[in-house]
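**Student:** Sharing a sequence plus its predicted fold:
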2 protein chains.
Amino acid sequence: MAGALRHDAMRAGNLAAVLGELDRTGPLTRAALAEATGLTKTTVSKLVAGLIDAGLAVESGAVRDGERGRPGTAVRLSGDRVAALGLEINVDYLSCCVVDLSRTVRLRRSRAADNRAAAPDRVIAGLRELATGALADAAALGLTVVGGTVALPGPVDRDTGTVHRAPNLGWRDVEVTGPLGLPVPVRAENEANLAALGELWFGAGPQLGDFLHVSGEIGIGAGLVVDGALFRGAHGFAGELGHVVVVPDGPACRCGGAGCLELYAGQDALLRPGGDLAALRDRLAAGDPVAVEGCERAGAALGVALAGAANLLDPETIVLGGIFAPLFHWVADPVRRELRDRLGQMRARVPAVVVSRTGAEAATLGGAGQVIRRVIAAPGDYLPQLVPPNNI
Amino acid sequence: MAGALRHDAMRAGNLAAVLGELDRTGPLTRAALAEATGLTKTTVSKLVAGLIDAGLAVESGAVRDGERGRPGTAVRLSGDRVAALGLEINVDYLSCCVVDLSRTVRLRRSRAADNRAAAPDRVIAGLRELATGALADAAALGLTVVGGTVALPGPVDRDTGTVHRAPNLGWRDVEVTGPLGLPVPVRAENEANLAALGELWFGAGPQLGDFLHVSGEIGIGAGLVVDGALFRGAHGFAGELGHVVVVPDGPACRCGGAGCLELYAGQDALLRPGGDLAALRDRLAAGDPVAVEGCERAGAALGVALAGAANLLDPETIVLGGIFAPLFHWVADPVRRELRDRLGQMRARVPAVVVSRTGAEAATLGGAGQVIRRVIAAPGDYLPQLVPPNNI
DNA sequence: CGAAATTAGTCTATGTTGTGGACTAAATAT
DNA sequence: ATATTTAGTCCACAACATAGACTAATTTCG
């Protein structure tokens, strides 16, 4: 119960320490690994041998780094064996990717689909087809997919794999992971949370420090990454930025509240004048004052909500993703202004506002990356041969 | 660097597991400890012997629990050796307490003082006097104080022990822990954060789950406890509830922003009609409609801000402390109403709103408790003899 | 060009820690 | 009184990391 440690846990922990170092710093010799982890060369050699046996690491040539002395043999994460599946159900598409242990994207598949119109089990069946195909392709590449994560556009109960409410799909308490019925363990997670992890591992990454990633879609979600891990809150529903109040006595929101951010900076509000995103960008590029001022207003509302979020969460960086990424040029300044005005005096540093580097794929990538991170953090759980069971 | 484990870490971890179990579950026999931790009886016996030697645990009589078989010997945390110091600097008082390992309060001292008028080093000197006396008294009780925490009314940089800005004291970038110059290591922490921990360990505690504790004083701070630990954000400035925006184009706030919660529900706003807290309570008790409606309005504003906070942080419970505790009866309903209206549809459960059980002492208790928790989580760091150094 | 110096990695003996099962101790049930 | 049951200790053993000697492969320098 209380994290008791035994010999196998010690070994598992040290395997994780070595893998983690390889993940963070890239290829390293055994000697460098020993230095970095504080373990002895002997121990590192034994651990690395286990990792190579299990297919998690490979030797990759000699390292002659100008120093004198015998050159070392670089060891790096192997992308040839273990992989993870990222899945996404969203309003107008299904999507899927396979990422290997070195966080290289090996496969992507996606399919346009009007999921708003379809029954949940039809949508899930469609995703099953897509994923089954991807699993077959991954197997053909020699990859062993050890698990997956499905991104869903709403608050998710991770224990049951259920999305509690997905207003944009019209779903309510739909169980996804069970009915999906894939031959690998799949967990469910909120799409905005996974997009934040996607940005962490496949976007600007560690330069961001602790950051808040805003996913502007029809709804507005946010994922907070602290110390390289998601902050989820008590029930995993943290980060519902779209329903933070911007105008207390504003118009009613479908969430039951009033004056929520979503009404002022959601996709529907931004595109209200009519037309799609491309049309809006054209008008903005042409300097259409109505469009520019619309973005200004949305940005200011977003800035008010983000100032509140920054007061409560204290992120180092705020990353604007989703629809705010293509509109960044027009939205960033009002956001920055509100943050500066509302936070500047109390805090030494106001969060930096940057644009997301990962596009629509952020959530699937984050989902696959999350499985990879679990493998790296606890390799024994996924590769039983690594930690010989001493409890028979 | 990457958490490598060696034998001494294994032992330290297992000592922590045993201590943690004793802390959570109370007195237990060695057999019950073995069951709870998953370690063998042999191992538990050895670990317990070490803890008893170090004075962290004691045997406390036989346990005849109606079962047949040999009765066990209960082991419990010892309150006779290790203790911690909690300190607080606030606007109108200095305060200090000593808590032992079993989280029993052994000493309290406090002193009224108008710290707004005094220079920081004078205030710190006053706290030093108070603390030095308490340390002497603790020594007379046979207690070894292993560390302390000082609570400060503003955002704190824990690395330097500096409070960045304490508007109510008129302080700016004042280093506290160094100049305090106590003979035990002292850390600084935000007062609202520590009040939340105080509620966790000395108030309603574990029943709350993950909770947000609101400290209403002149400013309004909040501390979030997740999984029994503080959520601090990137720079330790998380939880500034008072400057969450409630009315975007409202009046200017001294923080530089506008329409902050503090303007609508801070102590100054609540007591605006004049008089002190006692007078307000009298008027409320008498049913004075002006007073009641004032509380209604403040409660509604607080509810709006808390709905935003709940959207972002997803706590299980919201605890109202500070000035909101005595006014709970009049403030809770509007808070609950706003939460229900603004969160009810999106979430399965709306956070419960409860009153704080710890009074003005919350912060000092939380500060001392935090040191105690560190001792329990890493006893080897405080009692070197527990973990024989194998690295000479 | 060859020897010394330097660094990488392996091998072996050893120390620390937890384990499993036998053992003793002390209670209740029959 | 004896069997049964549970608590706690003892001892041989297993798992893991360690220290330091050793081999291997390179650069530096005479």
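**Tutor:** Received the coordinates, thanks. As the structure is a computational prediction, the values presented were derived from the model and not from experiment. Residues are numbered from 1 along each chain as shown, chains lettered A, B, ... in the order given.
**Student:** Excluding covalently adjacent residues, which one is nearest to the residue nearest in space to the middle of chain A?
**Tutor:** Centroid check for chain A by Cα atoms, centre = their mean gives residue A:197 as the closest residue, at 2.4 Å. Leaving aside its chain neighbours, residue A:197 sits nearest to residue A:366 (3.5 Å; criterion: Cβ to Cβ, 6 or more residues apart in numbering or on different chains). C-betas here are computed from N, CA, C, even on glycine.
**Student:** In a helix, that neighbour, correct?
**Tutor:** Yes: according to DSSP: H, G, I helix; E, B strand; the rest coil, residue A:366 belongs to a helix.
**Student:** Secondary structure element for residue A:149, which one?
**Tutor:** In this assignment (DSSP states H and E), residue A:149 forms part of strand A:144-152.
**Student:** wait, I meant residue A:339
**Tutor:** helix A:328-343.
**Student:** Flag every buried residue along that helix.
**Tutor:** A:328, A:330-336, A:338-339, A:341-343 (16 or more other Cβ atoms under 10 Å in any protein chain shown).
**Student:** Number of residues surrounding the residue nearest to residue A:197?
**Tutor:** Using other Cβ atoms under 10 Å in any protein chain shown, residue A:366 has 34 neighbouring residues.
**Student:** Check the contact between it and residue A:192; I expect there is one.
**Tutor:** No: distance between residue A:366 and residue A:192: 9.7 Å, which falls outside the contact criterion (Cβ atoms under 8 Å).
**Student:** Where does the residue in chain A positioned nearest to DNA strand C fall, secondary structure wise?
**Tutor:** Residue nearest to DNA strand C within chain A: residue A:69 (2.0 Å; Cβ to the nearest atom of the strand). In this structure, residue A:69 sits in neither a helix nor a strand according to DSSP H and E.
**Student:** any idea how far residue B:79 is from it?
**Tutor:** Noted for residue A:69: a distance of 57 Å to residue B:79, by Cβ to Cβ, to the nearest Å.
**Student:** same check, this time on residue A:176
**Tutor:** Counting by Cβ to Cβ, the gap from residue A:176 to residue B:79 is 50 Å.
**Student:** Neighbour count: those two, which is higher?
**Tutor:** Shown here are residue A:176 and residue B:79; by other Cβ under 10 Å, residue A:176 has more neighbours (24 against 17).
**Student:** mind listing what that one touches?
**Tutor:** Applying Cβ atoms under 8 Å, 6 or more residues apart in numbering or on different chains to residue A:176 gives the contacts A:89, A:120, A:124, A:150, A:152, A:161, A:162, A:163, A:188.
**Student:** Pull out the buried positions in stretch A:279-290.
**Tutor:** Neighbour counts using 16+ other Cβ under 10 Å place A:280, A:281, A:283, A:284 of stretch A:279-290 among the buried residues.
**Student:** meant to ask about stretch A:296-314, not that
**Tutor:** A:296, A:298-314.
**Student:** Stretch A:123-131 now?
**Tutor:** A:123, A:124, A:126, A:127, A:128, A:130, A:131.
**Student:** List the ones among those that fall in strands.
**Tutor:** Applying DSSP state E to the buried residues of stretch A:123-131, no entry is found in strands.
**Student:** got TSV for the residues you listed, with distance to DNA strand D and pLDDT too?
**Tutor:** Listed next are the buried residues of stretch A:123-131 as TSV, based on distance: Cβ to the nearest atom of the strand, whole Å; pLDDT from 0 to 100:
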residue	distance to DNA strand D	pLDDT
A:123	45	97
A:124	41	98
A:126	44	97
A:127	39	98
A:128	39	98
A:130	40	98
A:131	35	98
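**Student:** was I right about residue A:168 contacting residue A:153?
**Tutor:** Yes: between residue A:168 and residue A:153 there is a contact under Cβ under 8 Å: 5.6 Å.
**Student:** hey, what's in contact with both of these two?
**Tutor:** Contact criterion Cβ under 8 Å, 6+ apart; residues bridging residue A:168 and residue A:153 by contacting each: A:91, A:217, A:219.
**Student:** Thanks a lot, catch you later.
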